[in-house]
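Engineer: Sequence below, structure please.
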Amino acid sequence: MKDFWKENGAYIGKMTLNQFGAAFFGIMLVLAASAAQSQRTWLTLFASAFATVFYLFLVYTVLWEKGGQDRIRVDSGRQARTPLKGFFITVCANIPNILLGLLDIGTRLVMDPANPDRLAGKINSIVRAIVLLWEGMYAGFVSYAHTVAPNHPYLLSLTRLVIVIPALLVGGAAYWLGLCNKRLLQPFELKQPGQSASKQKSDQ
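Structural biologist: Residues are numbered from 1 along each chain as shown. Coordinates of the predicted model:
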């Protein structure tokens, strides 16, 4: 584990900084959307969706770059091929999100709804405030969940944990694509007229 962290710590730190930037960006968008008087719900959802796509794009970029660098080492025989490394890197970068989600669920289970001022209730309030800031790109989704299911607090707490799954999937897929020297939109990229012919000659 120590060697894994030493090798990939720079990328984990970069992803953490990217989340901070995406969270700040998401909070600004959601606040701007919330200021509108008409169709506030749809605007906040759109703002969160835009901020989340931006965040996932940052995750994709970082992990594709890491996969591309590892591909060079694999091709030269200096490193074993590990297709799931990107997923584990993303898990490490999302440890704060996972811990906050578990704390939210754990304190919600033991708190007394009739007396939220007790210790568990206070901790839960602090955790939810931190989550709102640290995962600001999801703020619109969380607000919408509160609107749809106000009487299901356990479901809302579970949502804060499940919401990290897209980043884990994107990170794992991005690293694998970089390791295979493939891009997400590669099948749609325009090719130069003579590119196919030159490739066929080189194969012959």
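Engineer: ok, L63 - contacts?
Structural biologist: Counting by C-beta atoms under 8 Å, 6 or more residues apart in numbering, L63 touches 11, 86, 89-90, 170-172, 174-175, 178. Quick note: C-beta positions are derived from backbone N, CA and C, even for glycine.
Engineer: Can you tell me the element it falls in?
Structural biologist: According to DSSP states H and E, L63 maps onto helix 40-75.
Engineer: Just the CA trace of whatever helix or strand comes next after that helix, in PDB.
Structural biologist: Later in the chain than helix 40-75, the nearest helix or strand by DSSP H and E is helix 85-93. Output in PDB follows, covering the C-alpha atoms of helix 85-93 (Å, rounded to 0.1, in the frame of the first residue of the first chain):
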ATOM      1  CA  LYS A  85      -5.200   0.600 -11.100                       C
ATOM      2  CA  GLY A  86      -7.200   3.600 -12.200                       C
ATOM      3  CA  PHE A  87     -10.200   2.400 -10.200                       C
ATOM      4  CA  PHE A  88      -8.100   2.000  -7.100                       C
ATOM      5  CA  ILE A  89      -6.500   5.400  -7.600                       C
ATOM      6  CA  THR A  90     -10.000   6.900  -7.800                       C
ATOM      7  CA  VAL A  91     -11.100   5.100  -4.700                       C
ATOM      8  CA  CYS A  92      -8.100   6.600  -2.800                       C
ATOM      9  CA  ALA A  93      -8.900  10.100  -4.100                       C
END
